[in-house]
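Chemist: Just a sequence and a predicted model for now, questions to come.
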Amino acid sequence: MFSRLPICALFITAALPIVAQPAGDGRTDDTAAVQHLLDAGGAVRFGRGTYRLTRTLEVDLDQTGFVSLSGDGVARFVMAGPGPAFRFKGTHGGTAAPQTFKPEVWERQRTPMVDAIEIVGDHPEADGIEAVGTMQLTLTRVVVREARHGVRLAVRNRNVILSECHLYHNRGVGVFYDGVDLHQSTITGCHISYNAGGGVVTRGGGVRNLHIGNCDIESNMTPEAPPTANVLIDCTGGSTAEVTIVGCTIQHNPSPGAANVRFIGRGKPYGGDESVRWGHLTIADNVLSDVEINIDLQHVRGAVITGNTFGVGYQHDLRAVDCSHLAIGANTFDRNPPYYRGKSEAVKGGLVFRDCSDCTLTGLHVSGVRGHEAALLLEACSGFNLSGCTLLDSDGVGLLLRNSRDSLVTGCRIADRRPDRTAAPSIRIQGGSGNDLHANQTAQGVETR
């Protein structure tokens, strides 16, 4: 049913008492037998079968020494009790800097691995995998479904990698950074879908260097749960920064208040500064669609958003409130007909900036905004630089500056070419001061109120 990999790197059947042999028949409680294997440490390989668990399997790395678990894609663990099926516990309390490591971390604990197993929840509070105090936790080809949270990272961890994992249809979060102090984590090549509490979620804690790449992240929300996002970064009570979201498809579904990417940057004060706004965020080369708000930025300082395609934002494609130092350019926000059949009137799209300052918008292509007073709204903003943007065939005004100041608009093309267009100018300046417009092509003119 299983084998262990000794130092000589040959697989042999472990010579363990019969009482320690897991049945893997889906009926027998295999908790004690599997725990016995884990306590022995080393490389444990599970054969084809369904291993029923009724309590959390604890992997105390300082006691077991190095541990790796593998199921070759044919081992299923059914978690029939509360808590995680597997909890990895280490003692690393330092950073990723070499001088902060205790000897036992390198000698006994580093790089616990889980590969090619499936975990299925069979209890309302069952989770997949939890990690505390680990260094270089590596999860590959892991499936977690029908649980609460797929992967929960808590207290403190360092250098975590999730690759080629499938976190599907869980009641909570796919990958949950739960008040954790964690620098250097990478999520790559994963499917994270239909998790009701969000796809990748950070709440509180202190997270840095979070990289999400080449993943499919879909429909991690439900109307029955509080509003969340496919990727939710919530700094409230903590801080998260140095985040990249690159090369992903992030989409579905229009649950109330949900977003594809939501970053809430107002968090724990830093250096006595109560007004700190966290950010240091890059969102690049993604496909984002089919939610209420595609990207929702609140209290963020420092973000680059470029090379993305946006569509089917039921309320907005991009909304930014109380943000600064945003560089947004070379994205498309388009009403592509195949994606709007049967729901055209319900989808508004459009870009809104409120109470934002010192932002650069370059090369935006916006088309077909519906039901808003403007395709691009700057309200109570200052210090914006708009250049080379194209705003086409949208309801209302193309560009509206309301009570905004000290902004520059140059080289933009703004036109509503629809034969049934409503009477609205291409640009409207309403209140504010110190705004300059130069070399713009405005088919419906400029209005100042």
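Modeler: That came through fine. Numbers count the residues shown, from 1 in each chain.

Chemist: and Phe263, that's in a strand?
Modeler: Yes: using DSSP: H, G, I helix; E, B strand; the rest coil, the assignment for Phe263 is a strand.

Chemist: mind starting the numbering at 59 from now?
Modeler: With the count now opening at 59, the last piece we talked about shows up as Phe321.

Chemist: Tell me, how many residues neighbour it?
Modeler: 29 (other C-beta atoms under 10 Å). Yep, even glycine has a C-beta here, placed from its N, CA and C like the rest.

Chemist: gap between it and Trp336?
Modeler: Distance, Phe321 to Trp336, using C-beta to C-beta, to the nearest Å: 8 Å.

Chemist: okay, and the common contacts of those two?
Modeler: Common neighbours of Phe321 and Trp336 are listed as Val358 (criterion: C-beta atoms under 8 Å, 6 or more residues apart in numbering).

Chemist: Asp120 falls within a helix, correct?
Modeler: Yes: judged by three-state DSSP, Asp120 forms part of a helix.

Chemist: Next up, the contacts around it.
Modeler: Counting by C-beta under 8 Å, 6+ apart, Asp120 makes contact with 148-149, 162, 166-167.

Chemist: and if you look at Thr294?
Modeler: Taking C-beta under 8 Å, 6+ apart as the test, what Thr294 contacts is 261-262, 322, 324-325.

Chemist: Would you quantify the distance from it to Gly262?
Modeler: Applying C-beta to C-beta, the value for Thr294 to Gly262 is 7 Å.

Chemist: Now the common contact residues for these two.
Modeler: Gly325.

Chemist: so is Ala385 in a helix, a strand, or just coil?
Modeler: With three-state DSSP as the basis, Ala385 sits in strand.

Chemist: before we move on, back to that, nearest to Gly456 among the contacts of Thr294?
Modeler: Nearest to Gly456, judged by C-beta to C-beta, of these is Ile322 at 29.7 Å.

Chemist: Assess the claim that that closest one and Cys293 are in contact.
Modeler: Yes: counting by C-beta atoms under 8 Å, Ile322 does reach Cys293; the two are 5.8 Å apart.

Chemist: Quick check on those two: which one has the bigger neighbour count.
Modeler: Legend: neighbour count by other C-beta under 10 Å for Ile322 and Cys293, higher for Cys293 (27 against 22).

Chemist: Go ahead and confirm the more buried one touches Arg320.
Modeler: No: with contact defined as C-beta under 8 Å, Cys293 and Arg320 do not form a contacting pair (11.2 Å).

Chemist: hang on, Glu162 packs against Thr149?
Modeler: Yes: with contact defined as C-beta under 8 Å, Glu162 counts as touching Thr149 (6.6 Å).

Chemist: Who has more neighbours out of these two?
Modeler: Taking neighbours as other C-beta under 10 Å, Glu162 and Thr149 compare with Thr149 leading, 18 against 15.

Chemist: give the contact list for that one.
Modeler: Counting by C-beta under 8 Å, 6+ apart, Thr149 makes contact with 119-120, 160, 162-163, 167, 191.

Chemist: do the same with Arg229
Modeler: 179, 182, 205-206, 253-255.

Chemist: where along this protein do the helices fall?
Modeler: 89-97, 119-122, 161-162 (DSSP state H).

Chemist: what is the mean pLDDT for the last one?
Modeler: Meaning helix 161-162. The pLDDT scores in helix 161-162 average 86.

Chemist: so how far is that helix off the chain centroid?
Modeler: Chain-centre distance of helix 161-162: 33 Å, with C-alpha atoms, centre = their mean, to the nearest Å.

Chemist: Stretch 303-321 now?
Modeler: Its chain's average C-alpha position is 8 Å from that of stretch 303-321, according to C-alpha atoms, centre = their mean.

Chemist: thought Gly232 was touching Ile245?
Modeler: No: at 9.2 Å, Gly232 does not count as touching Ile245 under the criterion of C-beta under 8 Å.

Chemist: Mind listing the shared neighbours of these two?
Modeler: Common neighbours of Gly232 and Ile245, counting by C-beta under 8 Å, 6+ apart, are Val258.

Chemist: Tell me which of the two has more neighbours.
Modeler: The neighbour comparison of Gly232 against Ile245 (other C-beta under 10 Å) goes to Gly232, with 34 against 28.

Chemist: Tell me where the stretch 109-258 of the chain is predicted with low confidence.
Modeler: In the predicted model, the stretch 109-258 of the chain carries no residue with pLDDT under 70.

Chemist: what sits against the most centrally placed residue in the chain?
Modeler: Centroid check for the chain by C-alpha atoms, centre = their mean gives Val289 as the closest residue, at 2.6 Å. Residues counted as contacts of Val289 (C-beta under 8 Å, 6+ apart) are 256-259, 270, 275, 303, 308, 318-320.

Chemist: how does it look with 6 Å?
Modeler: The neighbours of Val289, taking C-beta atoms under 6 Å, 6 or more residues apart in numbering as the test, are 257-258, 319.

Chemist: What is the most widely separated pair among the contacts of Arg229?
Modeler: Longest distance between any two of the contacts of Arg229 is 15.1 Å, between Pro182 and Asn253; criterion C-beta to C-beta.

Chemist: So for the two, which residue has more residues nearby?
Modeler: Shown here are Pro182 and Asn253; by other C-beta under 10 Å, Asn253 has more neighbours (34 against 9).
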